[in-house]
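Visitor: Sharing a model that was predicted from the sequence below.
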Amino acid sequence: MNTKKNSPACIVLGRGVLSWYPIERISDRYGSVVLYGNVDGSDQSTFDIGRFAGKTGSLIAVVFETRKSHHVGDLFRGFRPSTPEIGEAIVIGNGSLFVSDDRKCVGLEPDDGRKVDWLDPESLYRAHHQTVDLIFRKGTPEDLMWG
């Protein structure tokens, strides 16, 4: 059995109701998310990413509580919300970790320079409006695979 000697470092960024600002969908960037303390979109979290700023890794939403998403989706591109299972771990993207908007948004910038779909829109719509633990796991996608 092959195992990695050093497992990737993780940081729990917060627990809350996952969403994103409308500009992420309008621009097709889908690059950052926000967490709210309440379903009504109030009590927005801030993020302290510390030593993980600029590090390469994955954002993972681990579902803590589910509900039907009120979002219509991205009709032009065919993305619609779906309801995950409690405990489901949804990888929403890979890239370099950043915060923006006075630490209210956290996201990943891809290493390939693309301008759209910095995060995976299908995964985002699966996690939208769910209460999640948002985790950053340092390492490349290859590092995260069992060998």
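Guide: Okay, I see it.

Visitor: drop to CA atoms for contacts and neighbour counts, all remaining ones
Guide: Will do.

Visitor: Can you list the buried residues in the helix or strand where residue 92 lies?
Guide: Residue 92 belongs to strand 89-100 when elements are defined using DSSP states H and E. Neighbour counts using 16 or more other Cα atoms under 10 Å place 89, 90, 91, 92, 93, 94, 95, 96, 97, 98, 99 of strand 89-100 among the buried residues.

Visitor: Which strands and helices lie in contact with it?
Guide: strand 56-65, strand 105-109, helix 121-127 (3 or more Cα pairs under 8 Å, 6 or more residues apart in numbering; DSSP states H and E).

Visitor: For those, give me TSV that also has distance to residue 76 and mean neighbour count.
Guide: Below are the helices and strands packed on strand 89-100 laid out as TSV (distance: least, Cα to Cα, whole Å; neighbours: other Cα atoms under 10 Å):
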stretch	distance to residue 76	mean neighbour count
strand 56-65	25	23
strand 105-109	23	24
helix 121-127	12	23
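
Visitor: and residue 39, which of the ones you listed is closest to it?
Guide: Residue 39 sits nearest to strand 56-65 of all these, at 11.1 Å, using Cα to Cα.

Visitor: Touching that closest one from outside, list them.
Guide: Residues outside strand 56-65 that contact it (Cα atoms under 8 Å, 6 or more residues apart in numbering): 84-97, 107-108, 127, 130-141.

Visitor: ranges for the helices of this protein?
Guide: 22-26, 121-127 (DSSP state H).

Visitor: Could I get those in TSV, plus columns for mean pLDDT and distance to residue 34?
Guide: Converted to TSV, the helices of the chain look like this (pLDDT from 0 to 100; distance: least, Cα to Cα, whole Å):
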stretch	mean pLDDT	distance to residue 34
helix 22-26	93	11
helix 121-127	95	11
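
Visitor: Would you state the predicted confidence (pLDDT) at residue 4?
Guide: As predicted, residue 4 sits at a pLDDT of 49.

Visitor: cool, and residue 77?
Guide: For residue 77, pLDDT reads 83.

Visitor: For it, give its distance to residue 64.
Guide: Taking Cα to Cα, to the nearest Å as the measure, residue 77 and residue 64 are separated by 28 Å.
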